[in-house]
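Trainee: 3D model of this:
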Amino acid sequence: MSADSIGLAAHRLVGLSWGDEATRRDYSRILAPWDSEERAVLMASEQSSCALVVAAVLLIAEVDGMVRGWRGKVACDPLREPRWQRYDSVAYLEQLARQRGVYKGAGKEKPDLRPGTWWTVGSGKGDEHVEVVVEVDGEDIVCVGGGKLDPRNPRPGAKGCTRIALGRHRLTQAHGRWVLAGRPLLYTADATELPCLQVGERKGMPWAAIGVKP
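Mentor: Residues are numbered from 1 along each chain as shown. Got it, this is the predicted structure:
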């Protein structure tokens, strides 16, 4: 897996939002490609999308998302399962990182936020936010992130955070902790170190099946 593959996949999603009628269908189908269109649009309308966006990037890049002991199963690949009534994407990404050996918890050393890395910030009490790095420009860390406030979505709070955008962040320190996007850094994970599926009809985003152009 290359950083370029992750970057291309992430850039494909920039500009999509549920609130924009011109991109609503693509936004919804890409974030929930294994669900019916009706369910995908409904779910996408009222759920902050940051972790779903990272999951979609990994699927487009054909990453093997298999984890053990998840969703009551011996093993499963949530990247390739329906999203309906599943609200475990943030936790799943952490499990994927841990089980595949790419999890790096925030510590004293400066984190390596190279392109192809996803990062999670928050208190660890349900307010987590996830984005993926696509470029490092001097001190600026250029990232693609979902869960952005969508001015065309009237739903309040996190339910209205249904826009995907390109943004710039700077890594800082406060109270002995690394801070990114205004929140404490919890961990980073280098997606370029994850294996890809080599065979199978469901190895990547099912563009034709969901009626969306790659």
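
Trainee: for stretch 36-43, which positions count as buried?
Mentor: Neighbour-count burial for stretch 36-43 flags 39-41, 43 (criterion: 16 or more other CB atoms under 10 Å). Quick note: C-beta positions are derived from backbone N, CA and C, even for glycine.

Trainee: Apologies, that question was intended for stretch 44-59.
Mentor: 44-45, 47-59.

Trainee: what does stretch 103-115 give?
Mentor: Of the residues in stretch 103-115, 103-104, 106, 111, 113, 115 count as buried by neighbour count, 16+ other CB under 10 Å.

Trainee: Can you pull out the residues in contact with it?
Mentor: Residues external to stretch 103-115 that are found in contact with it (CB atoms under 8 Å, 6 or more residues apart in numbering): 3, 6-7, 94, 97, 119, 133-136, 141, 171, 177-178, 180, 184-190.

Trainee: Are any of the residues you listed buried, and if so which?
Mentor: 3, 6-7, 94, 97, 119, 133-135, 141, 171, 178, 180, 185-190.

Trainee: So which of the buried residues of stretch 103-115 is the closest to residue 87?
Mentor: residue 103 (21.0 Å; CB to CB).

Trainee: tell me the pLDDT at that closest one?
Mentor: With respect to pLDDT, residue 103 has a value of 98.

Trainee: Can you name the helix or strand that the nearest residue to it once chain neighbours are set aside falls in?
Mentor: Taking CB to CB, 6 or more residues apart in numbering, and ignoring the residues beside it in sequence, residue 103 has residue 97 as its nearest neighbour in space, at 3.9 Å. In this assignment (DSSP states H and E), residue 97 forms part of helix 89-99.

Trainee: Report the buried residues of that helix.
Mentor: Of the residues in helix 89-99, 89-90, 92-97 count as buried by neighbour count, 16+ other CB under 10 Å.

Trainee: Now do that helix: distance to the chain's middle.
Mentor: Put simply, helix 89-99 sits 11 Å off its chain's centre (CA atoms, centre = their mean, to the nearest Å).

Trainee: Report the secondary structure state of the residue nearest the centre of the chain.
Mentor: In the chain, the residue lying closest to the centroid (CA atoms, centre = their mean) is residue 54, at 1.5 Å. Using DSSP: H, G, I helix; E, B strand; the rest coil, the secondary structure recorded for residue 54 is helix.

Trainee: Use 9 as the first number from now on
Mentor: Yes, from this point I'll number from 9; that puts the last item at residue 62.

Trainee: At which residues are the strands of this structure located?
Mentor: Counting by DSSP state E, one finds strands in the chain at the ranges 75-78, 81-84, 111-113, 125-129, 137-145, 148-156, 171-177, 180-182, 185-188, 191-198.

Trainee: The fourth one pairs with which strands, parallel or anti?
Mentor: What that stands for is strand 125-129. Next to strand 125-129 in the sheet, as set by DSSP bridges, lie strand 137-145 (antiparallel), strand 191-198 (antiparallel).

Trainee: can you redo the ones you listed as TSV with distance to residue 222 and mean pLDDT?
Mentor: Putting these into TSV (distance: least, CB to CB, whole Å; pLDDT from 0 to 100) gives the following:
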stretch	distance to residue 222	mean pLDDT
strand 137-145	18	98
strand 191-198	24	98
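
Trainee: For residue 120, see how far away the residue nearest to the centre of the chain is.
Mentor: Relative to residue 120, residue 62 is positioned 18 Å away (CB to CB, to the nearest Å).

Trainee: Brilliant, that's me finished.
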